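S.K.: What follows is a predicted protein model with its sequence.
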Amino acid sequence: MTPRVLVVDDEERLARLIAQTLRRAGYDCEVFGAAEDALASAESRRPDVVVTDCRMPGMDGLQLLKELRSRHPDLPVILVTAFADVPSAVAAMREGAFDYVAKPFDNEELRALVARAVDLVRLERENRYLRQEVGRRYSPEAMVAESSASRDLMELVRRVAPSRATVLIQGESGTGKELVARLLHYWSDRVGGPFVAVNCKAFAEGILESELFGHERGAFTGAAQAREGCFERATGGTLFLDEIGEVNLDFQAKLLRVLQDGEVLRVGATKSRKVDVRVVAATNRVLRDDVAAGGFRDDLFFRLNVIPVQLTPLRERREDVLPLAEHFLARHLADTGRPLALSAEAIEALNAHPWPGNVREIENVIERAVVLARGDRIVPEDLLLTETLATPPSGDGTDASGGTLQEHLDRAARARIEAAITTAGGQRSEAARALGIDRTTLYRTMKRLGLE
């Protein structure tokens, strides 16, 4: 939307000059000759910025500033002042004015000030929205926890979150280890700091050290400049080390040193740097077995396992299956705006499935069902949960029936989407309408399936 600016000045000629200057820059301006009228307008429809003269009969600009600050603390107010009144304008900035411009002012200076004020308002609104979204997504009420195992887990996370103790999360793939790590962060007093997630398995041995600890310029070929690592970037917040069971013994020793000392030594550096980081690690391995087999250091295990969190697989908490399915369905329907519900037969199929892929699998199944559903109800055929479904032949005529169940199901979804796009002549908007979903859901699904 076009930013709205209120221009307040009892001198009509100057007020119109200011408004004309700002309109040329693309702002929607309203002019007022009295501060009282501007204040009333701001109450009925809040502006993005107020530009006001300091000295006016009746309520002057400084009084208007105080009134606006009391009602709208984050509304930027720019003061226009005579050169002799600059000290008063500076004092007003201590009271909350965004800035001031002295007469005679330069048009470019005024436009630059208003642009900065509008940017500030936009950033504050975005931050407010993001804080609300974080609060909504990670509030205790937003968590799906119907089974006793899930409720016990949420209670443990809420008790542990405020501490600085290191947490080790263990559980099968897809059980929600990163979600638990994020809950530990967002329910703690570190929520204002960064949450940095690293998949330790995704980096080669030599690169992981640089990624976590950083490096100095010239430390190795290609290190054209110094770079801070994830520990430094996570200072004041939480560092999530996923797949921690995959790192080798040499790196384990270096990681243990960082956890013990609270200092990191960049690759190629001679002096350590202090870091203030809460570490949460996760693995789908049984680390005690790896310790017994000599594949994981026992001292690092005990340093990470200060607070152990064990996630239960979905097959052992069946009460969560249907609530999770409905949760993911609501999330996808919020994107599509399409009325869609689970049929009784689909619910029966969901409850009967063993869910080897845990929560991640049920999320993928529901996303796929939203794409495949033809009517206003999801039926078992849309879920693609059986292994006996006919698989479309591959493009080269070879048998495409092999692979995992997830690969099998994704091939069916991929074929349906490709057929819709072909029928629509390549128009993805038309293909999305034919599939009964919106473009956002289609693009996201295509990206996941490698169709982009």
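M.R.: Right, received. Where do you want to start? Being a predicted model, the structure only gives us computed values, none of them experimental.

S.K.: Hmm, residue 382 is touching residue 367, no?
M.R.: No - Residue 382 sits out of contact with residue 367 when judged by C-beta atoms under 8 Å, with a separation of 11.1 Å. Quick note: C-beta positions are derived from backbone N, CA and C, even for glycine.

S.K.: quick one, which of these two is more surrounded?
M.R.: Using other C-beta atoms under 10 Å as the criterion, residue 382 and residue 367 rank with residue 382 on top: 23 against 20.

S.K.: ok, now which ones touch that one?
M.R.: Remark: with contacts taken as C-beta atoms under 8 Å, 6 or more residues apart in numbering, residue 382 is in contact with 346, 368-369, 372-374.

S.K.: what do you get for residue 273?
M.R.: 232, 263-266.

S.K.: Quick one, grab the pLDDT at it.
M.R.: With respect to pLDDT, residue 273 has a value of 93.

S.K.: do the one 4 residues further on as well
M.R.: pLDDT for residue 277: 96.

S.K.: how much space between it and residue 14?
M.R.: Using C-beta to C-beta, to the nearest Å, one gets 55 Å for the distance from residue 277 to residue 14.

S.K.: Could you check which of those two has the larger neighbour count?
M.R.: Taking residue 277 and residue 14 together and counting by other C-beta under 10 Å, residue 277 has the greater number of neighbours (25 against 16).

S.K.: contacting residues for residue 444?
M.R.: Remark: with contacts taken as C-beta under 8 Å, 6+ apart, residue 444 is in contact with residue 367.

S.K.: can you give me how far the helix or strand where it lies is from the chain middle?
M.R.: Counting by DSSP states H and E, the secondary-structure element that holds residue 444 is helix 439-449. When C-alpha coordinates are averaged (C-alpha atoms, centre = their mean, to the nearest Å), helix 439-449 and its chain have centres 18 Å apart.

S.K.: From residue 184, how far out is residue 233?
M.R.: Relative to residue 184, residue 233 is positioned 18 Å away (C-beta to C-beta).

S.K.: Next: residue 2.
M.R.: 42 Å.

S.K.: what's the answer for residue 254, then?
M.R.: If you measure residue 254 against residue 184 using C-beta to C-beta, the figure is 24 Å.

S.K.: okay, these two: which has more neighbours?
M.R.: Neighbours were tallied for residue 254 and for residue 184 using other C-beta under 10 Å; the higher tally belongs to residue 184 (26 against 16).

S.K.: For the residue nearest to the more buried one when sequence neighbours are not counted, grab the count of nearby residues.
M.R.: The shortest distance from residue 184 to any residue that is not its chain neighbour, by C-beta to C-beta, 6 or more residues apart in numbering, is 5.0 Å, and that residue is residue 161. The burial count assigned to residue 161 is 19, neighbours taken as other C-beta under 10 Å.

S.K.: what's the spacing between residue 161 and residue 373?
M.R.: Summarising the geometry, the distance separating residue 161 from residue 373, computed by C-beta to C-beta, is 38 Å.

S.K.: cool, residue 313 as well?
M.R.: Between residue 313 and residue 373 the distance is 28 Å, computed by C-beta to C-beta.

S.K.: tell me the mean pLDDT for the longest helix seen in the chain?
M.R.: The helix that spans the most residues within the chain, counting by DSSP state H, is helix 107-137. For helix 107-137, the per-residue pLDDT values average out at 81.

S.K.: After that helix, which helix or strand is next?
M.R.: According to DSSP H and E, the helix or strand after helix 107-137 is helix 148-160.

S.K.: Output the contacting helices and strands for that following helix.
M.R.: Where contact means 3 or more C-beta pairs under 8 Å, 6 or more residues apart in numbering; DSSP states H and E, helix 148-160 is packed against helix 177-186, strand 307-310.

S.K.: And the shortest one, what's buried?
M.R.: When you say that, I think you mean strand 307-310. Within strand 307-310, the residues that qualify as buried are 307, 309, counting by 16 or more other C-beta atoms under 10 Å.

S.K.: residues in contact with that strand?
M.R.: The contact list for strand 307-310 (C-beta under 8 Å, 6+ apart) reads 153, 156-157, 160, 163, 165-171, 180.

S.K.: can you rerun that using 10 Å?
M.R.: For strand 307-310, contacts defined as C-beta atoms under 10 Å, 6 or more residues apart in numbering pick out 149, 153, 156-157, 159-160, 163, 165-171, 175, 177, 180-181, 184, 280, 282, 287.

S.K.: Next, the buried residues of the next helix or strand after that strand.
M.R.: Along the chain past strand 307-310, the next helix or strand (assigned with DSSP H and E) turns out to be helix 321-336. Judged by neighbour count (16+ other C-beta under 10 Å), helix 321-336 contains these buried residues: 321-322, 324-329, 332-333, 336.

S.K.: Just the angle for helix 321-336 relative to helix 148-160, thanks.
M.R.: Helix 321-336 and helix 148-160 meet at an angle of 70 degrees, taking axes from the mean of the first three to the mean of the last three C-alpha atoms, to 10 degrees as the criterion.

S.K.: now the angle between helix 439-449 and helix 321-336, please.
M.R.: In terms of direction (the same axes, to 10 degrees), helix 321-336 departs from helix 439-449 by 120 degrees.

S.K.: what's in contact with the helix or strand bottoming out on mean pLDDT in the chain?
M.R.: Taking mean pLDDT, DSSP states H and E as the measure, helix 86-94 is the helix or strand of the chain with the lowest mean score, a mean of 75. By C-beta under 10 Å, 6+ apart, the list of residues contacting helix 86-94 from outside reads 54-55, 60-62, 65-66, 77-82, 85, 97, 99-102.
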